[in-house]
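In: Predicted model follows, preceded by the sequence.
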Amino acid sequence: MPTVREIETALYEWAPRELAESWDNVGLLVGSADAQVHRVLIALDVTEWVAEEAIRRGAELIVAHHPVMNCRWHEVQSVVDDNAQGRVLMRLLQNGVSAICMHTNLDAAEGGVNDVLARLLGLEGIETFNEEKIGRIGTLKCEKGLEEFLQDVVQLLGCKGLRYRDAQRRVHRVAVGGGACVDYAEQVRALGCDTFVTSDVKYHEFLDTSGINLIDAGHFETENPVCTAIRAYLSGRFPQLEAVCSTSHAESVIKYFMK
């Protein structure tokens with residue numbers, strides 16, 4: 001059976017460490033590199049629910065997109081059970097579960113978060129639009145109205161709802177940025193896009209963005225599809241490894257109440 005180190009090496013062959021942003025925390029973040037792995041659980045986040053699922057399933061490793069700890073926004077000074085991060089880390093360590101996280105390097109990687117998102121939305125001629133290789137631009141086979149495209153986004157990404165700004169433009173040339181990429185809105189508009197699909201758009205960002213349909217489809221919804229790609233990649237590299245996608249990692253995601 002492969003070791004944690006061998007799985008990390010294989011993931012870096014797909015999404016090299018040098019693609020990660022300088023502030024990011026990627027790779028093996030919890031556990032033993034020499035531990036053998038029979039079963040790996042794949043999730044977008046390493047939450048308390050995901051940690052418990054890994055233990056219940058007998059998984060020795062979690063492979064996630066978002067770092068289980070990242071000092072940019074949550075400095076780690078202690079590991080105690082009076083906060084969510086501490087409880088997660090303690091449960092993993094107490095039960096011998098390792099965690100590998102592939103974040104902005106997997107956003108940028110070929111076949112990673114943004115390629116998966118672009119293909120899922122039916123884009124063709126996909127290319128990067130910035131030096132960081134974070135986002136993608138592509139073209140729909142057939143131009144369509146915004147309302148029809150919004151319906152496609154909801155159905156294809158499993159959105160419970162979405163927010164958008166209508167620029168009164170039909171949809172043909174589309175940019176995508178999984179997660180929080182609204183900072184690129186003016187750039188993709190200047191590159192000739194009529195529509196931008198991303199998430200975590202603030203109120204004033206909707207107000208300040210003009211000339212392009214801006215769609216906030218949700219952070220989870222725009223990035224979660226990569227979990228299936230991770231499972232397929234690991235299964236191809238390590239046929240003897242049982243790789244499964246988490247069924248519990250959506251528990252911490254924002255819910256929508258429809259009146």
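Out: Nice, I can see it.
In: Scan the protein for its longest strand.
Out: Longest strand in the chain by number of residues (criterion: DSSP state E): strand 136-144.
In: got the buried residues for that one?
Out: Buried residues in strand 136-144, counted by 16 or more other CB atoms under 10 Å: 136-138, 140, 144. All C-beta spots, glycine's among them, are computed from the backbone N, C-alpha and C.
In: Redo those as TSV? Include distance to residue 120 and pLDDT.
Out: Converted to TSV, these look like this (distance: CB to CB, whole Å; pLDDT from 0 to 100):
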residue	distance to residue 120	pLDDT
136	11	97
137	15	98
138	11	98
140	13	98
144	16	97
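In: Can you name the next helix or strand after the longest strand of the chain?
Out: The helix or strand immediately downstream of strand 136-144 is helix 146-157, counting by DSSP states H and E.
In: hmm, who's touching stretch 249-259?
Out: 43-45, 47, 49-50, 53, 160-161, 218, 220, 224 (CB atoms under 8 Å, 6 or more residues apart in numbering).
In: Please spell out which residues along it are buried.
Out: 249-250, 253.
In: returning to what we had before: quick one: which of the buried residues of strand 136-144 is nearest residue 104?
Out: residue 136 (14.4 Å; CB to CB).
In: What residues are bridge-paired with that closest one?
Out: Note on residue 136: beta-bridge partners residue 128, residue 176, judged by DSSP bridges.
In: pretty sure it contacts residue 117?
Out: Yes: between residue 136 and residue 117 a contact is recorded at 7.3 Å, counting by CB atoms under 8 Å.
In: what do those two both touch?
Out: Common neighbours of residue 136 and residue 117 (criterion: CB under 8 Å, 6+ apart): residue 176.
In: pLDDT below threshold where in the chain?
Out: Residues of the chain meeting the criterion pLDDT under 70: 71-75, 251-252.
In: Show me where it has its helices.
Out: 4-14, 48-57, 84-94, 104-108, 113-120, 146-157, 185-190, 203-208, 219-223, 226-237 (DSSP state H).
In: Contacts for the fourth one, please.
Out: Translated: helix 104-108. 12, 14-21, 24, 26, 65, 112-114, 128, 132-134, 178-179, 226.
In: that older thread, mind putting the helices of the chain in TSV, mean neighbour count included?
Out: What follows is those, written out as TSV (neighbours: other CB atoms under 10 Å):
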stretch	mean neighbour count
helix 4-14	18
helix 48-57	19
helix 84-94	17
helix 104-108	25
helix 113-120	24
helix 146-157	16
helix 185-190	18
helix 203-208	11
helix 219-223	23
helix 226-237	18
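In: neighbours of residue 110, just the number please.
Out: 12 (other CB atoms under 10 Å).
In: And for residue 239?
Out: A count of neighbours around residue 239, defined by other CB under 10 Å, yields 7.
In: How about residue 195: which residues does it bridge to?
Out: According to DSSP bridges, beta-bridge pairing links residue 195 with residue 174, residue 213.
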